[in-house]
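Novice: Dropping a prediction and its sequence here:
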Amino acid sequence: MPRQLRSHRFYNRRSLSQVHALKIPSDYLCSELGSRMEYDFRAIEQRWQTNWKASEAYKVTEDPSKEKFYVLDMFPYPSGAGLHVGHPLGYIASDVYARYKRHQGFNVLHPMGYDSFGLPAEQYAIQTGQHPALTTEANVTRYREQLDQLGFCYDWSRQVRTSDPAYYRWTQWIFAELFESWYDAAADCAKPISALVEMLQSDGLETAQPSCDGDWWKMLPDGVYPWDDAFDGTLTAAHWNACDAVAQSHILMQFRLAYLADSEVNWCPALGTVLANDEVKDGLSERGGHPVVRKRMRQWIMRISAFSQRLIDDLNGLDWTDSIKEAQRNWIGRSEGASVHFGIEGLPQHTIEVFTTRPDTIYGVGFMVLAPEHELVEVLTTAEQKDAITAYQTAAAQKSERERQGAGDHEIRGCFTGGYAVHPLTGEKIPVWIADYVLAGYGTGAIMAVPAGDERDWKFAKAYDLSIPPIFEGVDTDESVYTEKDIALCNSGEFDGKTPVEAIPLAIAYLEDKGVGTGQINYRLRDAVFSRQRYWGEPFPIYYDGEIPQLIRDEQVTLPPVDAYLPTEDGDPPLARAKTEDWNVTRGDRMEYNTMPGWAGSSWYFLRYLDPHNTEEFCARDKSDYWGQVDLYVGGAEHTTGHLLYSRFWTKFLFDRGWIGFNEPFKQMINQGMILGRSNFVYRVQGTDQFVTFEKRKEFQTQRLHVDINIVQSDKLDVEAFKSWRPEYANAEFILNDEGEYTCGHEVEKMSKSKFNVQTPDDLVERYGADTLRCYEMFLGPLTQHKPWDTQGISGVHNFLRKLHRVFSQIEAGSAATDDQHRIVHKTIKKVSDDLDRYAFNTVISALMIGVNELLETKAQNAALLQPLAVLASPVAPHLAEELWELSGGTDSVLDQAWPTADERWLTADEVTYPVSFNGKVRFQLTVPADLDAQSVESQVLVHEQAQAHLDGKTVRKVIVVPGRIVNIVVG
RNA sequence: GCGGGUGUGGUGAAAUUGGUAGACACGCUGGAUUUAGGAUCCAGUGCCGCGAGGCGUGUGGGUUCGAGUCCCUCCACCCGCACCA
C-alpha cells in the first residue's frame, strides 16, 4: 500500500467509497471492510441509533405496575470546548447501569440536561457583544451531537436547561416560596410566613421561634419601629400590632428564608460580583483565581443555617462515600460549647458575648480578643489607643482575604484597645485586644483567650507578653501550652480537681445558674448569599417600592436585553442598563437588578426531570411521588460540596412545605475519577531549531515543549507531521536515537488544550465506534479512581468486540451446545451480574472477554446458547448487542429482554483441582471429584506419589483441607 | 495541623468472605502467514537462576496451617478542610 494511504487510514478512516477512490485491490477490501463476517461498527451503530430514535426506545412514563429506578448524571455546563474523553466516563457508567436496571424490569428514568446559566458565556458576551443565549445554544447543540454519537439511553423528551424561561420560571417560584416562608425552630420545619404573621398578631415572639440572627432587631432601619433603644428583641403582640405596614415588612424580612440584608460578602473586583463561601478557595475566586475582599452590601440571602442540624443528621441515611459526607459535616462545622457574656469596665449597658468549646477553662482567661470589625471595638477603644486601633483596622480591611489568612503562615498580629472586660465569675479586669486570628464571620467574632489551653492564645500571649493564668495541675503553662482534656484543673474554683471532660457540663450548668452564659451549639455554616451582579442568570421576581422589595407572582419576569453585559457607570449590575421598555414586567420604583447565582438552577433540576413540561407547577406531586428520590447519582467529586448542600437544603424546604414527599434528593452517589491526559514532549536544544530525542536530551541544554499527542505514536514522533504542525517548526532538525527514531518524553497530567493532550471522543468513535469507546472507558480501571488515558489500549477492547461479533456470525442452525459451553455462558452471567451490582464495570468487560475467548475456542455455534450473551453485552455495547440479538434470531429489541439468570446447575463442576501446598508453598495439583469429602481428599493427597516425595523423612504435623479451595500440609 | 483515600509486573489493573498473587488487556520478545503492516494467527512474558529452587503486593513487626486482604509501627503520594475559639 502506498504510504500516503496508510497515513490517511490511520488519521481518519473514511467511508468505503473514498477508499475505492484510492484504487485499492478489491480482495483487500473484502478482508478489511466488505465481508458480512466483519464487524462493521459504523453501519451497525448508525442503523440502531436510527431505530431507537424512530421507536422512541428511551422514552419513559410513570407506570405503577413497575418499580421505578432513577439514574441521574450531574448535568454539564455546556462549555465552548466540547467534551473530551474524560467527560463521558460518568455518563457511560450511569448509562450502563440504567440499561442493566431496565433489563431487570425496572422502569428506569435516565434524563439529561444542561446547567446553561454561567460565567463563561457571559465573559464571552462581554468580549464579543454576542448574547449569551446564542453562545449557549451553539454549545448545547455541539454537546448534544457528541452525546448522541455515544448511544446513551437518555429520555431527551425530558431535557431541561436552566436558562430556559420555562425552566427558570420555577426557579423563581422556589425563590418566591422561600421568601414567603420562615423556619420554625421549635417544630424544626419551614412554614408559610402567613402562619408567623398570625402568631405575631396574637402572641408576638413569645410562642413563635423563628430562626433568625440573634440581634435581628439591630438590622432594622432606624426609626421604623415603635420602640426605643432599650428594646432587647422581646417582641410582643402589642409591639407588632403597633407597627405600620412598612415596619412589619422590615420585621418579617428578618425571619424569611430568603431575605434581604446588609452583610459582609466575598466581593471579587475582577469578576465584578459577590461569591458564595464555597466559590472562594484560599481567598481567591474558584473560577479564574482572582483576589476576593470583604465588602458590605445589601444582598439576597438564603437562610440555609436554619437547616444545619438536619443537614448533618440526615447524612446518616445516605449511601455516599465517607469523604463526601465528611466534607459536608466539615462545611457545616458543628461545635458544642457555651455562650458566655463578659461585662465591660465602665460600660454597664454593653457585654461582650463569646462562644467557647471549653467553658471549663473560664478561670484561665488571660485576655479577650475581638475581630477587627467587631462592633464593640469602637466603644472599647481608649483615646490613647485610638490611632493604633484605627490604623490596624484600616490595614486589616484593605487586605484581601488571602493576605488576611496569611496564605497559611499564621503571623501573629494584634492591637490593644485600651479597654477592659470584666470576668463574669471573678470580677477581674481583663484586657481586650483585636487580632486577625479572630474571625468576624465565626461565632460572635469575639473570644475569651485561655493561653494555658489554646495554642493560638498561648502564642499571642507570648508575643505580646500577656498573662497566662495556670489552670492545669502540674503543668508549667508558661513553658508550653496544654490542649489535652485529661488532666485535673486547678485555680478554677468549683472545678478544681476535675478533668475538663468532667468539668465542661458542670461549667455550662454553673454559668447558666449564675445567669452569665448558656450551653450552645455553633455552626460554621453561614447563610448563603444569593445575589450576583451578573447578567446571565435568573432574574428575581422582585420589584421595589422605595426600599421595600415586593414579589411578582402573577407574571414571569424574563431577562431583558441590555446594550452591554457590564456594570453601569454607577456600579449597578448589568440589568440596571435595561430600559423600562426592555423589561417584560416593570412595577414599583425599580426592578431588582441582581440575578441568582449558578447554584440556583442546579439545586432542583433533578425534580424538574420528573415533570418537565408542567406549566402549572414545578413538578406535580403524583409525579414526584412515583419517581421519588434519585436512586443513583453519578458525577465528579470536585466542586460538589456546595451543590450537594444547596440541593439538600432546597429539597428539605420543598418537603417541609409539602410539595414533595422526600427530604433528601440523592439516595446513593458514586463519584467517578478523573481521566488524566498523557502528554508528550519534545526537547529543543536551546537557541536552535534542533530537537533532540528523549534518550540523548541530557547531552544538551534543552527546553521541554509539549507536543500534540496526535502526531506521536507509542512515544515516537512523526517528524514530518511535526514540521507541518506549526510554522515555527517548519525548519526543525532532529537528533535521532540509535534506531533512527525520535522518542518523545511523557507525563500524566490533567487534560487541557494548552498541553496538547486532549483526546476527544469524536476521533475515537470515528475510528473504533461508540461501543468500543464505551467498553474501553469502562475497562480502563475502577470507576472511582483517577487514571491516565492511554489510547493504545483501545485496540484490545475493539478486538474483543470483533470477536464477540464473530461468535454470533458463526451461528449454525442445528448445532448443539456442549456442557462446557453452557458452563462458560452461565459463569459469565454470574460474574457480569455480580460485578454490575457492585459497579465494578472494568471487570464486567474482563468477564465478557474471557467468556468470548472461551466460546470461540470451543467453537460455539448454537443460537439459544449464545442469546444471553447479547443481553449481557447490551449495557456496555448497546449497538452491537442489538445486532447480535438479531443474528441469534431474536425479535424486537434487545433493550427489554429480561436479564439472564445463572443456572446453579452449570456453575458447579464435576471435578475440583486442589492446589496442594506444604508449609504454605504450592507443590502440585490434584484433581478429585467435586463431592469428595475433606477426609477423603486428605487421604488421597497423602498417598499421592508427589506428596510422598515432598514428605520424604519429615513428619506430617497437620493437614488442612479447605473444601473446594486448597490443601495445606504442615510438616516439621 | 485535622479529616478522607491510595501504594501490587514495563503500563492500566484483577484477586468480592484470610486460601494457587498478577485474571483481563496494553506493551514487549520470538515465530507463522503476507508484496506490505500499525492486519491476522501461534508461543512466551513478575524478578533472580541453565536447573532444582529461591524471592516477591510501600517499610518494619504481629496474629494464623495460610496474609495483598486482619492488627500495630513507620514512609510516600493524592484529595478535601484549615487562625472555626
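Specialist: Okay, I see it.

Novice: okay, CA-based contacts and neighbour counts for the rest of this
Specialist: Noted.

Novice: which residues in the stretch 551-700 of chain A form helices?
Specialist: A:598-602, A:605-608, A:621-627, A:640-656 (DSSP state H, counting those that start in this stretch).

Novice: Please convert these to a markdown table, extending it with mean neighbour count, mean pLDDT and distance to A:I508.
Specialist: Converted to a markdown table, the helices of the stretch 551-700 of chain A look like this (neighbours: other C-alpha atoms under 10 Å; pLDDT from 0 to 100; distance: least, C-alpha to C-alpha, whole Å):
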| stretch | mean neighbour count | mean pLDDT | distance to A:I508 |
| --- | --- | --- | --- |
| helix A:598-602 | 22 | 95 | 40 |
| helix A:605-608 | 23 | 98 | 44 |
| helix A:621-627 | 17 | 98 | 46 |
| helix A:640-656 | 20 | 96 | 31 |
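
Novice: Save those helices as TSV, and put in distance to RNA strand B too.
Specialist: Output for the helices of the stretch 551-700 of chain A, formatted as TSV (distance: least, C-alpha to the nearest atom of the strand, whole Å):
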stretch	distance to RNA strand B
helix A:598-602	16
helix A:605-608	23
helix A:621-627	29
helix A:640-656	8
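
Novice: Turn the ones you listed into CSV, including distance to A:G537.
Specialist: Formatted as CSV, the helices of the stretch 551-700 of chain A follow (distance: least, C-alpha to C-alpha, whole Å):
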stretch, distance to A:G537
helix A:598-602, 7
helix A:605-608, 15
helix A:621-627, 26
helix A:640-656, 16
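
Novice: Can you give me the pLDDT of the residue in the stretch 101-250 of chain A positioned nearest to RNA strand B?
Specialist: The nearest approach of the stretch 101-250 of chain A to RNA strand B comes at A:G214, 15.3 Å away (C-alpha to the nearest atom of the strand). Note for A:G214: predicted pLDDT of 83.

Novice: Make sure I have this right: it is in a strand.
Specialist: No. Per DSSP: H, G, I helix; E, B strand; the rest coil, A:G214 lies outside any strand segment and is coil.

Novice: For A:L856, see how far away it is.
Specialist: Distance, A:G214 to A:L856, by C-alpha to C-alpha, to the nearest Å: 75 Å.

Novice: can you check A:G333 too?
Specialist: Distance, A:G333 to A:L856, by C-alpha to C-alpha: 59 Å.

Novice: and these two? which has more neighbours close in?
Specialist: Neighbour comparison, A:G333 and A:L856: the larger count goes to A:L856, with 18 against 14 (by other C-alpha atoms under 10 Å).

Novice: is it fair to say that one lies in a strand?
Specialist: No. Assigned with three-state DSSP, A:L856 falls outside any strand and is helix.

Novice: Close to RNA strand B: what parts of the stretch 851-972 of chain A are there?
Specialist: Within the stretch 851-972 of chain A, the residues that sit near RNA strand B (C-alpha under 7 Å from any atom of the strand) are A:853, A:913-915, A:919-923, A:958, A:960, A:962, A:965-970.

Novice: Give me the subset of those lying in helices.
Specialist: Secondary structure defined by DSSP state H assigns A:N853 of those to helices.

Novice: Of the residues of the stretch 851-972 of chain A next to RNA strand B, which count as buried by neighbour count?
Specialist: A:853, A:914-915, A:966-970 (16 or more other C-alpha atoms under 10 Å).

Novice: got these as a markdown table, with pLDDT columns?
Specialist: Shown next, in a markdown table, are these (pLDDT from 0 to 100):
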| residue | pLDDT |
| --- | --- |
| A:N853 | 93 |
| A:Y914 | 88 |
| A:P915 | 89 |
| A:I966 | 90 |
| A:V967 | 90 |
| A:N968 | 91 |
| A:I969 | 89 |
| A:V970 | 88 |
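
Novice: Pick out whichever of the residues you listed sits closest to A:A185.
Specialist: A:I966 (62.2 Å; C-alpha to C-alpha).

Novice: domains of chain A?
Specialist: A:3-50, A:56-175+A:598-672, A:341-521, A:675-749, A:764-907, A:911-971 (automatic domain parsing).

Novice: Least reliable of those domains by average pLDDT, please.
Specialist: Checking each of those, the one with the poorest mean pLDDT is domain A:3-50, at a mean of 49.

Novice: quick one, phi psi at the closest residue to RNA strand B within the stretch 201-350 of chain A?
Specialist: Nearest to RNA strand B, among the residues of the stretch 201-350 of chain A, is A:S323, at 3.5 Å (C-alpha to the nearest atom of the strand). Main-chain torsions, A:S323, degrees, to the nearest 10: phi -70, psi -40.
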